[in-house]
Each structure stands twice: as structure tokens, then as C-alpha cells.
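Engineer: Model the following, please.
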Amino acid sequence: MFKNHLNIAWRTIKKDKLFTIIKVGGFAVGIAACLLIALFIRNEVGYDRYYAKKDQIYRVVFQGVFQGEVMKSTHFQLPFADAIQSDFPEIAKAGKVNTIEIFGAGKRGFRVNGSRENIFEENFILADQEAFDILEINLEQGDVSTALTNPKSIVISKSKADKYFPNGNALEKTIFLDNDTSSPYTVTGVMKDIPKNSHLEFDFMLPVEDTNVNWTNQNYFTYVQVNPNTNIQELEQKMSSIVEKYIIPAQIKRGRSTAFLDVLRTAEYKLQPVTDIYLKSDLKMQDGLKHGDIKFVWLFAAIAVFVLVLAIINFINLSTAKSANRAKEVGLRKTIGAFRNNLVNQFLTESVLFSIISFVLGVLLAWTLLPAFNEIAAKSIVLPWSEWWFAPLLLISALVTGILAGLYPAFYLSAFRPASVLKGKMSVGSKSGRLRSGLVVFQFTTSVILIIGTLIIYRQMDFIVSKELGYDKERVVVLEGTNILGGKMESFKEQLISLSQVKNVTSTNYLPIDGASRNGNTFNVEGQDDGGRGIQAQIWKVDYDYIETLGIQIKTGRAFSKEFAYDSINSIVINTKMASELGLQDPIGKKLDNSNQVFTIIGVIEDFHFKSLKEDISALSLVIGNDAGAVSVKLEKGNPTEALASIEKVWNKNVPNQALNYTFLEQSFAQMHADVQRIGRIFNSFALFAILVACLGLFALSAFMVEQRRKEISIRRVLGAPFKNIYQLLTIDFLKLIVISICIAIPIGWYLMSRWLEDFAYRITIGWGTFLTAGLIALGIAVLTISYQSIGAALLQPTKGLRSE
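Structural biologist: Residues are numbered from 1 along each chain as shown. So this is what the prediction gives:
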């Protein structure tokens with residue numbers, strides 16, 4: 001019996017090629033989209049799940065109330081890890097990691113002893129031996145227990161060891177960082193490459209050499225490994241005692257006021273599971289690491305479901321629309337003794353066969369599109385062919401999807417009464433059918449919502465790119481790794497400024513882009529009664545040319561000048577936001593205390609964006625300092641290629657053994673929002689998938705409607721009906737459904753995208769123009785889809801439509 005069902009199903013598939021192509025094609029597109037999204041989601045939720053003890057590893061998060069707002073941080077004092085390990089027996093290990101550039105993390109020059117060439121490398125971190133153990137670093141060479149116990153040791157990844165030591169043995173080799181031959185490092189371990197789905201990206205590990213053991217400076221991530229079956233909530237409550245035991249006494253020694261100490265007493269310590277760091281970290285933590293967004297995971301999961309549902313809807317629509325063509329078949333089968341369950345099995349077999357063919361084509365389509373998808377998403381996703389569960393999962397999914405998609409058509413078609421069908425009294429399914437109309441509305445409602453999302457994401461990205469930032473990012477070249485210049489810095493800058501293509505030069509790694517140096521302090525106005533709380537603000541070390549080179553505007557006062565000797569000692573320039581938070585109406589001449597030094601305000605600059613536009617501008621101060629991590633060169637208008645060639649000549653003259661590494665400030669700014677742009681491109685791609693599936697269904701329904709009304713159209717043509725009337729007759733019902741879809745989609749799209757825009761401190765306003773554009777696009781797509789069939793039918797010769805009579 002099954003073989004008979006299969007043969008009939010195959011004959012049905014071959015009989016109507018157009019509908020078969022649309023059914024299978026729509027299904028395949030939906031399956032390909034679902035598979036790509038599923039692989040993306042699997043990659044996102046798979047971060048940091050490779051740890052053997054992942055359920056016992058946590059990162060400590062500080063949470064407190066500061067000036068009425070909840071403040072979060074992942075940076076802690078140097079002795080914090082040792083203190084919590086000794087004070088709380090639930091903590092088996094506690095280690096610290098530093099990713100801050102000014103401590104030697106980030107980007108550095110790398111040279112093997114015996115080589116003359118310095119290579120600019122990235123992904124340095126500092127860690128202690130406990131963090132090394134907690135993060136389960138696997139060594140291919142070296143001793144795991146002592147890899148970072150000695151000062152001036154360095155652990156490198158397998159890929160870097162292969163690069164610099166192709167003979168295979170890297171242990172005990174001598175390394176110079178930033179061309180500093182007075183402080184050599186020794187390779188004590190070669191670790192397996194860190195998986196790409198890790199929240200921490202590093203190729204080089206250095207030991208923590210910080211000797212500033214105090215409870216006031218916060219620069220280290222703290223990771224803990226708790227004992228099995230530890231009650232995390234109870235441990236978090238117990239950890240609050242750290243504040244009174246260690247931090248409060250240290251702040252009292254610094255002369256902090258009672259009000260400031262009261263703020264510290266609001267502090268809580270939370271333990272964040274290592275598997276939550278990538279997807280579920282708050283922006284307020286400002287940890288400087290790469291992150292995903294759990295909301296987008298749910299969004300893409302919803303899109304995957306919708307695309308598959310759209311494909312299933314197409315199948316149901318087309319199956320029931322073809323009911324008139326299958327009616328006589330059902331009638332004859334019942335007349336000669338077929339039971340309803342036989343017919344249900346027959347139609348379900350057809351549905352499952354369609355599903356299996358579609359799954360095969362869908363997987364092949366996903367495999368074909370995967371390289372392009374990886375480029376869009378900046379991922380390295382592969383189809384898990386080697387996983388034991390992949391093939392069975394696809395087969396089960398094909399069977400389940402086929403059965404679900406075929407249930408309604410099977411019971412609907414098998415319910416026809418033989419007498420009515422054979423007498424020709426059965427109404428044609430495509431001319432009415434509330435279910436099909438409802439499904440078409442659902443399809444295009446989903447499509448319009450996705451079009452609205454696409455338009456708003458595009459507008460927000462355009463807003464970010466074109467927004468006035470408060471500084472001039474154009475034609476600014478950032479030379480990286482310039483600390484290798486050492487004492488040649490001033491001479492190097494003078495040589496650059498002498499070039500005709502160069503307008504200005506500044507040396508500092510404190511730049512308004514991700515990956516640049518950052519340093520936060522608490523500031524108080526000296527002599528002002530502010531309750532002793534102070535404010536949190538960035539303090540950046542810059543040179544005298546910084547403000548002019550970046551085109552930052554002075555609001556009041558002046559910029560730094562070499563004409564004033566004290567500018568290099570205690571002068572400070574603050575931004576407008578900092579002046580406002582300090583409550584200073586006339587800030588010039590006022591003195592600020594950050595507990596280390598007292599500064600005199602000489603100028604106030606206009607606010608400028610130095611973080612992602614997802615975050616508001618915060619308080620910032622500039623002081624004269626020595627930071628040679630990068631040199632920014634403002635170019636004159638003209639050919640940048642020629643200017644770069646001239647800069648490279650100057651570089652090679654001063655540093656002949658290291659290649660010049662540079663980036664444009666404009667590109668680095670764009671990189672700050674690369675994650676949002678990637679999400680936007682992914683969203684657009686899958687919106688296109690959904691719209692394509694909906695259009696395939698609409699095209700097939702319009703084709704079938706024309707087929708069913710061919711004689712009616714021919715009679716109307718014979719009676720003199722003009723082209724316009726026939727075209728309207730065939731399109732008006734569909735367009736009504738599209739208009740209903742638009743009306744339903746607009747409030748849903750507005751709500752969803754308003755929630756998405758809430759993540760941005762600076763965002764567009766959603767206007768009616770966006771919804772009008774989305775509606776017109778949807779109508780245009782629908783009209784084009786329907787018109788192909790409608791115009792052909794309206795131009796058909798009446799004799800062809802009436803020939804069978």
C-alpha cells in the first residue's frame with residue numbers, strides 16, 4: 001500500500017510542474033533560512049561551553065548605587081581575588097585577568113631573540129596562575145602548574161608558536177616586547193589555540209607584575225571556580241563583607257568622606273556564569289570584550305519559525321486551492337471503495353515526499369549560501385556533517401514538517417462527498433476560502449513587519465554614520481605600536497609634521513574608538529560641599545596637539561599650551577558633561593581632586609562621542625601625560641596614498657625593523673558599530689528570504705485563480721469587458737488582503753523596533769514615512785507578483801479559454 005501511495009505521490013508531483021516547483025522551492029528556501037539561523041544561534045549560545053567545569057566558573061560583577069543610578073563594573077582591585085579565595089571556603093580558586101592596554105595588554109611589538117624584525121601582534125592579556133588554571137588553558141609544551149608563576153614568562157598560542165618557531169620547539173626561547181631588550185621574556189608554555197567561541201580572545205599570556213597592592217585601583221577581571229553544589233546566592237551575600245573588611249578602611253586612609261563611604265556600602269557582588277558573559281552582559285559593565293545580544297538570538301529564532309511557517313502556509317494554501325483538481329480523484333476513489341484513512345495516508349505521503357525533497361534541496365542551498373553568510377555575520381560556521389545527531393535530526397524534521405504541513409489538506413481533501421463531486425456541485429476552492437485569505441494575511445503581515453525592521457535598521461545605521469560626533473574623524477591616520485619608538489617620539493612627530501601632506505600630529509593611545517586606552521577616576525571639586533560623593537570620569541593622558549588634531553571644540557577657557565609650564569603638571573581640561581555633573585557654572589580656575597593629585601581647570605571642551613552611540617556621553621577629562629601607544633596624523637586634503645607613502649618612509653627611517661601598522665580613525669569608528677551592522681545585514685537577508693517565500697505563495701495562488709476563472713474571463717472578453725476591468729477583477733481581492741496585512745503590521749512593527757532602538761542612547765525617531773514606505777514596498781511586491789498572471793489572463797484570446805466547450 002505504501003508503495004502505491006508513493007507512486008501516486010510521485011505522479012502528482014510530475015503532473016503539475018509549476019506548483020511542484022513553487023511548493024518545493026518555497027519549502028527549500030524556508031528550510032535553508034531556518035538551518036542558517038539555527039547554525040547562527042547554535043554558535044551564539046555555544047560561547048564558553050567548552051570548559052569541563054563550566055558550571056563552576058564565574059566572573060565577579062560589582063553592583064552599586066551611585067547618584068541614584070545602578071552602576072556595574074567587572075574591574076576589581078589587585079588583592080581582591082586573593083582575599084575572596086582566603087575568606088570564603090566555597091571558592092576553590094580565584095584568579096585575575098587584565099586586558100587594559102596601559103598595563104601591557106592589547107597590542108605590542110613582538111620580536112624573537114636573534115631576529116631583527118619586530119612584528120606588531122594583538123591579543124595580549126595579563127593573568128595570574130590561578131586564572132590560568134580556572135580558564136583551563138591546555139598546554140602542548142610546558143608545565144601547566146608553573147606556566148605563569150615566574151615574572152617575565154610568556155605563554156603563546158600554538159598558531160603563534162608555529163609562526164615564529166616552525167621547527168616546533170618554542171620553550172625557553174627569549175622574546176622582546178616593544179623592542180625593549182632590557183626586559184626579555186622567556187616562553188614557558190605553548191597553549192592550544194583558544195576556541196573562537198570564547199568571550200576572551202588572546203594569543204599571548206603574560207604574568208601579572210603589578211606591585212601596587214591597594215584597595216583603591218580597580219583594573220582586573222576576577223574569575224572564580226566554586227566548589228561543587230555551592231549555593232551561589234548565599235555566597236554572593238557573604239561576599240558583601242569584603243567592602244567593610246577591606247575597601248572601607250582603605251578609602252578612610254585616603255580621606256574619603258562619610259557620604260562617599262555610604263555609597264560604597266550599597267555595593268553588592270554578583271557571580272556571573274562564564275556561559276552568560278558573551279550573551280548576557282550589561283552595557284554598564286564596560287568590560288571592553290566582544291559580546292552578542294540574547295535579544296537578537298530570540299529575534300532570529302522567531303524569524304526562523306516565521307519563515308518555516310510561511311513555507312508551510314504556502315503548502316496548505318496551494319494544496320487546498322488545488323482541491324477542485326483533486327476532487328474527482330477523491331470522488332472516484334471513494335466510489336470504488338476507498339476509505340477516508342486511505343486517502344489521508346495518500347495525501348500525507350505526498351506531503352512527506354514534498355518535505356523530504358525540500359529538505360534535501362534546502363540543506364544544499366544552505367551549504368551553498370554558508371560562505372556568504374559567514375562573511376556577512378563575521379563567523380566561521382560549518383554544517384555539522386560529522387555530528388552523529390545531524391542526519392537523524394534532519395530526517396525527523398523532514399517527517400514532522402511534512403506531516404504537520406499535510407494534516408489540514410489531507411483531512412480537507414479526503415472529506416469530499418463522492419455524489420456532490422461527481423455531479424460537479426463542489427465549489428472551486430480558490431474563489432473563496434477564508435482560511436487561505438487568513439494565511440495570506442499572516443504571510444504578508446510578517447513580511448511587512450520585516451520590511452519595517454529593515455528600513456529602521458538602515459536608517460539607524462545611516463544616522464550613526466552621519467551623526468556629528470564632536471570631533472573630526474576624517475583623514476586621520478592612526479599609527480599603532482608606536483611605543484617602540486622610545487625616545488625618538490618627539491623627533492618622529494617633528495619629521496611627520498614637516499611633510500607637506502600632514503596637517504597635525506598627536507601621540508597618545510587615548511582615542512575615541514574601541515580598543516584604545518581608558519582610565520577612570522573619582523573626582524571631587526576641592527572645597528565644594530557635594531556630600532563627598534564626587535563623580536566618576538575618564539582621565540586621558542594626551543599631548544599638547546591632541547585637541548587641535550582631532551578638531552575638538554573649546555567651549556570656554558583654553559587648550560593646553562607649551563607657553564604655560566604648569567600645564568604639564570596640574571592643568572586639566574574637562575568636557576561639558578563633566579562640568580555639568582560637578583555642578584560648575586563657571587568651571588575655569590576651579591580645582592579638582594582625584595585623591596592622587598589636585599588639578600586646575602583651564603578649559604572646557606564640547607562633548608564628543610568616545611563610546612558607542614548605544615551609550616550616552618559620559619564625563620571626561622584630559623591631562624598632559626606621556627602615552628606613546630599610538631600616533632594620530634591629520635592629513636591635508638589630497639591623495640591619502642601619497643601621504644601614507646611619505647609617512648611610511650619616515651617610519652622606516654626611525655624603525656627599520658618593524659612594518660608600519662595603521663588604520664584610519666573613520667574605519668575604527670565604524671568598527672565600533674560593526675556588530676550592529678552585521679546584525680542588520682543578517683536581519684535584511686532573512687527578511688528577503690521571508691518575502692521571497694510569501695511572494696512564491698502569492699504567485700502560485702494568483703496563477704491558480706487565473707486557471708480556475710479562465711472561462712469566466714473569456715466570456716467577459718467576448719461580452720466586451722476591457723483589459724482594465726479584467727485586471728482589477730483578478731487583483732483587487734489580493735490587494736485588499738495586502739492592505740489588511742499592512743494595517744496589522746504597522747503597530748506590531750512600531751512596537752518591536754521601538755524596543756530595539758531603546759538600546760541606543762542616540763537614535764532616530766520612527767515617523768509615518770517609514771510605515772508608508774514599507775506599505776508601498778509591500779504593495780509594489782504584491783502587484784508585481786500578481787500582475788504576471790493577471791496581465792497574461794486579461795490578454796488571453798477568448799477562443800483559447802472556451803475551446804473545451
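
Engineer: mind listing what the nearest residue to D514 once chain neighbours are set aside touches?
Structural biologist: Distances taken as C-beta to C-beta, 6 or more residues apart in numbering put M672 closest to D514, at 4.9 Å, once the chain neighbours are dropped. Just so you know, the C-beta spots here come from the backbone N, C-alpha and C atoms, and that holds for glycine as well. M672 makes contact with I513, D514, K611, S612, according to C-beta atoms under 8 Å, 6 or more residues apart in numbering.

Engineer: now, which of these lie within helices?
Structural biologist: If you go by DSSP state H, the contacts of M672 have nothing in helices.

Engineer: Make a PyMOL selection of whichever of those residues turn out to be buried.
Structural biologist: Of those, the buried ones can be selected in PyMOL as follows, counting by 16 or more other C-beta atoms under 10 Å:
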select buried, resi 513+514+611+612
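
Engineer: For K379, state which of the contacts of M672 is nearest.
Structural biologist: Checking the contacts of M672 against K379 by C-beta to C-beta gives D514 as the nearest, at 19.3 Å.

Engineer: For F315, list the residues it contacts.
Structural biologist: K23, G26, F27, S351, F354, A405, G406, P409.

Engineer: ok, now how distant is the fourth one from Q85?
Structural biologist: It refers to S351. 61 Å (C-beta to C-beta, to the nearest Å).

Engineer: which one is L660 nearest to, not counting chain neighbours?
Structural biologist: W651 is the one closest to L660 (C-beta to C-beta, 6+ apart), at 4.5 Å.

Engineer: is it true that F40 touches I682?
Structural biologist: Yes. Between F40 and I682 there is a contact at 7.2 Å, judged by C-beta atoms under 8 Å.

Engineer: List phi and psi for the residue nearest to E648 when sequence neighbours are not counted.
Structural biologist: Closest residue in space to E648, ignoring its immediate chain neighbours: L660 at 5.0 Å, by C-beta to C-beta, 6+ apart. When quoted as degrees, to the nearest 10, the phi and psi of L660 stand at phi -80, psi 130.

Engineer: Pretty sure H199 sits in a strand.
Structural biologist: No. Going by DSSP: H, G, I helix; E, B strand; the rest coil, the assignment for H199 is coil, not a strand.

Engineer: Any idea how many residues pack against it?
Structural biologist: Taking other C-beta atoms under 10 Å as the neighbour definition, H199 ends up with a count of 19.

Engineer: Quick check: it vs L235, distance?
Structural biologist: For H199, the distance to L235 - C-beta to C-beta - is 22 Å.

Engineer: A793 now?
Structural biologist: Taken as C-beta to C-beta, the span from A793 to L235 is 73 Å.

Engineer: Then G25?
Structural biologist: As for G25, its distance to L235 is 56 Å (criterion: C-beta to C-beta).

Engineer: ok, now which ones touch T663?
Structural biologist: Counting by C-beta under 8 Å, 6+ apart, T663 has contacts V477, V478, E480.

Engineer: The second one - that's part of a strand, no?
Structural biologist: Translated: V478. Yes. The assignment for V478 is a strand, going by three-state DSSP.

Engineer: what bridges to it?
Structural biologist: Residues in a beta bridge with V478, per DSSP bridges, are S632, T663.

Engineer: Based on its surroundings, how many neighbours for it?
Structural biologist: V478: 20 neighbours (other C-beta under 10 Å).

Engineer: need the contact list for it.
Structural biologist: L511, I513, A630, V631, S632, V633, Y662, T663, F664, L665, S668.

Engineer: Recalculate using a threshold of 7 Å.
Structural biologist: By C-beta atoms under 7 Å, 6 or more residues apart in numbering, the contact set of V478 is L511, A630, S632, Y662, T663, L665, S668.

Engineer: Show the subsequent helix or strand relative to the longest helix belonging to the chain.
Structural biologist: In the chain, assigned by DSSP H, the helix with the most residues is helix 340-377. Next helix or strand after helix 340-377 toward the C-terminus (DSSP states H and E): helix 390-413.

Engineer: I'd like to know which elements that next one is packed against.
Structural biologist: Secondary-structure packing of helix 390-413 (3 or more C-beta pairs under 7 Å, 6 or more residues apart in numbering; DSSP states H and E): helix 294-321, helix 323-335, helix 340-377.

Engineer: Tell me the secondary structure at the residue nearest to L660.
Structural biologist: helix.

Engineer: Near it, how many other residues are there?
Structural biologist: So W651, with other C-beta under 10 Å, has 22 neighbours.

Engineer: ditto for P228
Structural biologist: The burial count assigned to P228 is 8, neighbours taken as other C-beta under 10 Å.

Engineer: Doesn't V61 belong to a helix?
Structural biologist: No. V61: not assigned to a helix; according to three-state DSSP it is strand.

Engineer: So it is in contact with K72, correct?
Structural biologist: Yes. V61 lies in contact with K72 (C-beta atoms under 7 Å); the separation is 6.1 Å.

Engineer: Give the residues shared as contacts by the two.
Structural biologist: Common neighbours of V61 and K72 (C-beta under 7 Å, 6+ apart) are M285.

Engineer: before we move on, the earlier item: is it possible to get a markdown table of the contacts of T663 that adds distance to I602 and pLDDT?
Structural biologist: As requested, the contacts of T663 are arranged in a markdown table below (distance: C-beta to C-beta, whole Å; pLDDT from 0 to 100):
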| residue | distance to I602 | pLDDT |
| --- | --- | --- |
| V477 | 29 | 96 |
| V478 | 27 | 96 |
| E480 | 30 | 91 |
